[in-house]
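[1] next comes the sequence, and after it the predicted model I'd like to discuss.
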Amino acid sequence: MSRKRLALSLTATLMGGAAFADVPQVAVDIAPVHSLVARVMEGVGTPDLIVQPGASPHEYSLRPSEARALQDADLVFWIGSGLTPWLTDTIATLAPDAAVTALLEADGTIELEFRENALFEAHDHEEHGEEDHADHEDEHKDHDDHADEAHNDHDEKHDDHAGEEAGHDDHDHEDEVAGHDGHDHGAHDPHAWLSPKNAMTWLNVIAGQLSAADPDNAGTYFANAAAGRSEIETLIDEVKATLEPVRKGQFIVFHDAYQYFETDFDFPAAGAISLSDASDPSPARIAEIQARIAEESIDCVLAEPQFNPGLVATVLDGTEAKTGILDPLGSDLEPGSALYPQLIGNLSAALADCM
């Protein structure tokens, strides 16, 4: 290669490196949210995943590479302290200068309160579902106008939200036996990514935050977000078609993580073995679930890959209910933009197969 060509090649390499370096470094808490961020960033960059597939986000020890990803991050997207309370101080320490977005706090997000009992009644879903989703549809239409505003308000709201969720970890099993699982009233279930309608809202939020940090690629971010929303609309229709033949079936879940999915698709669970944070259930709660299975001929009890299968076996003992696996995090899926639609599709398929 001539010296001239070598010089041109080096110049092009350096210029390309500079352009790539301008792309924000992005860290994301869990695989489903990482998938949404990856969809918005397609063709521009790749976000880093903090909590690896197969691990429980409720408790996690960072690897050195994950700590470095937070240290290098210009932007951090996470559900919020309700899901990963251990990550609150970690983000403040490792990524103090990053723009941090707690998606559970974003404008337009559907939020559902914790369910306190082992058994769920149909009216729980009716109370939350129609009103929340009607409001959400109105908010979703003009959500582009709110994305930047949500970010500006984030710092002010975060301290209040962290305090609100601080009591969530200290579950008192004596309270649980009495019918109260120890959640503070007003706190919200953090498993909000299992609402595809929330995911559609968040695609806009993510695009807005990325565009603020990287205006040169704003057109790509918003185009990707629009394409992602269209894909989720198709996904919603597919899930409805999958669930329609088994809507009369009744099921119990391992832990109370699915009410957003249940509400979006009007497909309520009959109860949960464990609390929303997957802490161990009391003997009284297990007995209550077993009685419901026997009395109402529950069709299916669904385990999860991250948690103790022995509890499910205990609940199933002496019943004719089938069992299956629900995975709210996509632990067996390849992280990336395709994970989210695969995750939601797998939930509906697992439910249908178990009925």
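    Now that the structure is in, tell me what you want to look at. Being a predicted model, the structure only gives us computed values, none of them experimental. Numbering: from 1, shown residues only.
[2] okay, and the beta partners of the residue nearest to Leu326 when sequence neighbours are not counted?
    Among residues not flanking Leu326 along the chain, Leu302 sits closest, at 4.5 Å (CB to CB, 6 or more residues apart in numbering). C-betas here are computed from N, CA, C, even on glycine. Listed by DSSP bridges, the beta-bridge partners for Leu302 are Val253, Gly324.
[3] which of the helices or strands spans Glu59?
    According to DSSP states H and E, Glu59 maps onto no helix or strand at all.
[4] hang on, isn't it packed against Trp86?
    Yes - if you go by CB atoms under 8 Å, Glu59 and Trp86 touch, sitting 6.9 Å apart.
[5] got the end-to-end distance for stretch 97-109?
    Start-to-end span of stretch 97-109 (CA to CA, to the nearest Å) is 25 Å.
[6] what's the nearest residue to Asp72 once chain neighbours are set aside in contact with, if anything?
    The shortest distance from Asp72 to any non-neighbouring residue, by CB to CB, 6+ apart, is to Gln25 (4.8 Å). Neighbouring residues of Gln25 by CB atoms under 8 Å, 6 or more residues apart in numbering: 48, 69, 72-75.
[7] pull out the buried members of these.
    Buried by 16 or more other CB atoms under 10 Å: 48, 69, 73-75, out of the contacts of Gln25.
[8] about what we covered before: against Thr46, how distant is the residue nearest to Asp72?
    10 Å (CB to CB, to the nearest Å).
[9] for the stretch 151-300 of the chain, what spans make up the helices?
    Secondary structure of the stretch 151-300 of the chain, counting by DSSP state H, counting those that start in this stretch: helices at 154-165, 173-177, 196-213, 218-243, 259-264, 283-296.
[10] and of those, who's closest to Phe307?
    helix 283-296 (14.0 Å; CB to CB).
[11] and that closest one, what's buried?
    285-286, 288-290, 292-293.
[12] now pLDDT and distance to Ile91 too, for those, in TSV please.
    Putting the buried residues of helix 283-296 into TSV (pLDDT from 0 to 100; distance: CB to CB, whole Å) gives the following:
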residue	pLDDT	distance to Ile91
Arg285	85	33
Ile286	84	36
Glu288	85	38
Ile289	85	36
Gln290	86	41
Arg292	84	40
Ile293	85	41
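[13] closest to Ser274 among those?
    Nearest member of the buried residues of helix 283-296 to Ser274, counting by CB to CB, is Arg285, at 8.0 Å.
[14] ok, the nearest residue to the closest one once chain neighbours are set aside to Met355 distance?
    Counting by CB to CB, 6+ apart, Ala118 is the residue found nearest to Arg285 once chain neighbours are left out, at 4.5 Å. Look at Ala118 and Met355: by CB to CB, they are 21 Å apart.
[15] which of those two has more residues huddled nearby?
    Ala118 (26 against 17; other CB atoms under 10 Å).
[16] give the contact list for that one.
    Shown in contact with Ala118 (CB under 8 Å, 6+ apart): 271-273, 281, 285, 288-289, 292.
[17] kindly report the same for Tyr221.
    Tyr221 touches 40-41, 44, 206-207, 210-211, 214, counting by CB under 8 Å, 6+ apart.
[18] which non-adjacent residue is nearest Thr46?
    Ala38 (6.6 Å).
[19] tell me if I'm right that the one you found and Ser337 touch.
    Yes - between Ala38 and Ser337 there is a contact under CB under 8 Å: 4.3 Å.
[20] out of the two, which sits in the busier spot?
    Neighbour tally, Ala38 and Ser337, criterion other CB under 10 Å: the higher count belongs to Ala38, 25 against 19.
[21] roughly how far apart are the more buried one and Phe261?
    In terms of CB to CB, Ala38 sits 21 Å off from Phe261.
[22] burial measure for the residue nearest to Ala102 when sequence neighbours are not counted, as a count.
    With CB to CB, 6+ apart as the criterion, Ala102 has its nearest non-adjacent residue at 3.8 Å, and that residue is Gly80. As a burial measure, Gly80 scores 25 neighbours (other CB under 10 Å).
[23] cool, and the one 4 residues further on?
    Counted by other CB under 10 Å, the residues lying close to Thr84 total 22.
[24] ok, the closest residue to it other than its chain neighbours - contacts?
    Leaving aside its sequence neighbours, Thr84 sits nearest to Pro57 (CB to CB, 6+ apart; 5.1 Å). Neighbouring residues of Pro57 by CB under 8 Å, 6+ apart: 29-30, 51, 79, 83-84, 329.
[25] what bits of the stretch 1-150 of the chain have low per-residue confidence?
    Applying pLDDT under 70 to the stretch 1-150 of the chain flags residues 1-21, 121-150.
[26] let's see 50
    1-21, 123-150 (pLDDT under 50).
[27] show me what contacts the closest residue to Val37 other than its chain neighbours?
    Using CB to CB, 6+ apart and skipping the chain neighbours, the partner closest in space to Val37 is Pro47 (4.5 Å). Applying CB under 8 Å, 6+ apart to Pro47 gives the contacts 26-28, 34, 37-38, 41, 77.
[28] in strands only, show me the residues you listed.
    26-28, 77 (DSSP state E).
[29] got a markdown table for those residues, with neighbour count and distance to Thr242 too?
    Output for the ones in strands among the contacts of Pro47, formatted as a markdown table (neighbours: other CB atoms under 10 Å; distance: CB to CB, whole Å):
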| residue | neighbour count | distance to Thr242 |
| --- | --- | --- |
| Val26 | 28 | 32 |
| Ala27 | 27 | 33 |
| Val28 | 28 | 28 |
| Phe77 | 28 | 29 |
